[in-house]
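Engineer: how would this look folded up:
(2 chains)
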Protein chains: 2
Amino acid sequence: MSELKENVKLPIRPLHQGISVADMEASIAWYERMFGYQVVSDAYVPQLPARIVFMELGDWSIELFHVDGSASLPNDRRIPNLDIRTHGTKHVAYLVDDIVSLMDDLKAKGVDVAMDIFPMAGDKVAFIRDNTGNLIELIQKPTSGQPA
Amino acid sequence: MSELKENVKLPIRPLHQGISVADMEASIAWYERMFGYQVVSDAYVPQLPARIVFMELGDWSIELFHVDGSASLPNDRRIPNLDIRTHGTKHVAYLVDDIVSLMDDLKAKGVDVAMDIFPMAGDKVAFIRDNTGNLIELIQKPTSGQPA
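Structural biologist: Here you go, the predicted model:
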């Protein structure tokens, strides 16, 4: 598929994911410690009003929002099979090279595991939660780790 | 940043976004018509229970879920500035080359515009809704459309 991406002009390419968080400092620390995201901007936008922090990992970013007095994550959004029972944008899934090593590393760092590694249609899949409770899916494909 | 992506091994790379939808056939048609996504798998998973359809655009996919009797999108999730007042994963933002032409094309196809093109920190930004009401952000950067 890398070949396709180089040769075909796509109308849209994923750039970032928005995440509303409960504790901005804790979230910055979590994404830095778990995956190596780095803060690239940090601004207060009074019109919203919200503090917005962008953190980058390669050419992908997360946009963290903190709004004073914001509501907690609905409990059903913490469970993959319950989350999908309400319409809406859900988890983002990430490709990883070696899910066993990555999960070992994340667990050593204290990650909250929603669903530990299980097989799915030839892939190996796991769900974790960030420090706000937001679901993140990790997927190792049979071709993961091979040169593009 | 393309150079970075080729030379640095990232622990995670974005692969797909999950979206729970109200009407699977209408959503498949919407993502195909608006952006050219193509269905690559379509399965019913009785354990959830849900119909799951993957649609691909280059090396990025969306995972559409349909669960019988699922709840409607909360109304505040239709409005960018209200959506962030509840913790959770929010919109995915996409990089585009020419947001004026793209929005003209999407409007001609009947897209639901949540926030029409506005300037933000040197970028041009818009928010649209898919046929379920889910927010999608589109961003043209000053460097959009230039060779990587």
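Engineer: mind checking if stretch A:118-133 is in reach of chain B?
Structural biologist: Yes: judged by Cβ under 8 Å from any Cβ of the partner chain, stretch A:118-133 and chain B are in contact via A:132, A:133. Backbone N, C-alpha and C define where each C-beta goes, glycine included.
Engineer: got a list of contacts for that stretch?
Structural biologist: A:19-23, A:26-27, A:30-31, A:34, A:73, A:77-78, A:80, A:91, A:99-100, A:103, A:106, A:111-117, A:135-142, B:87-88 (Cβ atoms under 8 Å, 6 or more residues apart in numbering or on different chains).
Engineer: which ones among the residues you listed map onto helices?
Structural biologist: Among these, the members found in helices (DSSP state H) are A:26, A:27, A:30, A:31, A:34, A:80, A:99, A:100, A:103, A:106.
Engineer: buried ones among these?
Structural biologist: A:27, A:30, A:31, A:34, A:80, A:99, A:103, A:106 (16 or more other Cβ atoms under 10 Å in any protein chain shown).
Engineer: picking up where we left off before, among the contacts of stretch A:118-133, the buried ones, what's the ChimeraX command?
Structural biologist: Buried residues among the contacts of stretch A:118-133 (16+ other Cβ under 10 Å), as a ChimeraX selection:
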select /A:19,20,21,27,30,31,34,73,77,78,80,91,99,103,106,111,112,114,135,136,137,138,139,140,141 /B:87,88
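Engineer: which of the contacts of stretch A:118-133 fall within strands?
Structural biologist: For these, the ones inside strands are A:19-20, A:91, A:112-117, A:135-140, B:88, with DSSP state E as the criterion.
Engineer: show me the shaky parts of chain A.
Structural biologist: Low-confidence segments of chain A, defined by pLDDT under 70: A:1-8, A:145-148.
Engineer: any idea how far residue A:94 lies from chain B?
Structural biologist: Residue A:94 sits 4 Å away from chain B, taking Cβ to the nearest Cβ, to the nearest Å as the criterion.
Engineer: now that residue, what's its secondary structure?
Structural biologist: Three states are possible here, and by DSSP: H, G, I helix; E, B strand; the rest coil the one that applies to residue A:94 is strand.
Engineer: I'd say it and residue A:144 touch.
Structural biologist: No: under the contact definition of Cβ atoms under 8 Å, residue A:94 does not touch residue A:144, with a separation of 10.8 Å.
Engineer: between these two, which one's more packed in?
Structural biologist: Between residue A:94 and residue A:144, counted using other Cβ atoms under 10 Å in any protein chain shown, the more crowded position is residue A:94 (20 against 15).
Engineer: skipping its backbone neighbours, what lies nearest the more buried one in space?
Structural biologist: In space, not counting the residues next to it along the chain, residue A:94 is nearest to residue B:12; the distance is 3.7 Å by Cβ to Cβ, 6 or more residues apart in numbering or on different chains.
Engineer: one more: residue A:64?
Structural biologist: Nearest-residue entry for residue A:64: residue A:53, 4.5 Å, with adjacent residues in sequence omitted and distances by Cβ to Cβ, 6+ apart.
Engineer: what's the neighbour count on the one you found?
Structural biologist: The tally of other residues near residue A:53 (other Cβ under 10 Å) stands at 23.
Engineer: same question for residue A:75.
Structural biologist: Neighbour count for residue A:75, taken as other Cβ under 10 Å: 10.
Engineer: how far out from the middle of the chain is the host helix or strand of the residue nearest to residue A:64?
Structural biologist: When secondary structure is defined using DSSP states H and E, the element that contains residue A:53 is strand A:50-57. On the basis of Cα atoms, centre = their mean, to the nearest Å, strand A:50-57 is displaced by 13 Å from the centre of the chain it belongs to.
Engineer: strands paired with that strand, and their directions?
Structural biologist: The partner list of strand A:50-57 in its sheet, established with DSSP bridges, is strand A:38-45 (antiparallel), strand A:60-66 (antiparallel).
Engineer: deepest-packed of those, please.
Structural biologist: Ranked by average neighbour count under the criterion mean count of other Cβ atoms under 10 Å in any protein chain shown, these are headed by strand A:60-66 at a mean of 22.
Engineer: if we can go back for a sec, of the buried ones among the ones in helices among the contacts of stretch A:118-133, closest to residue B:61?
Structural biologist: For those, the minimum distance to residue B:61 (Cβ to Cβ) is 16.9 Å, reached by residue A:80.
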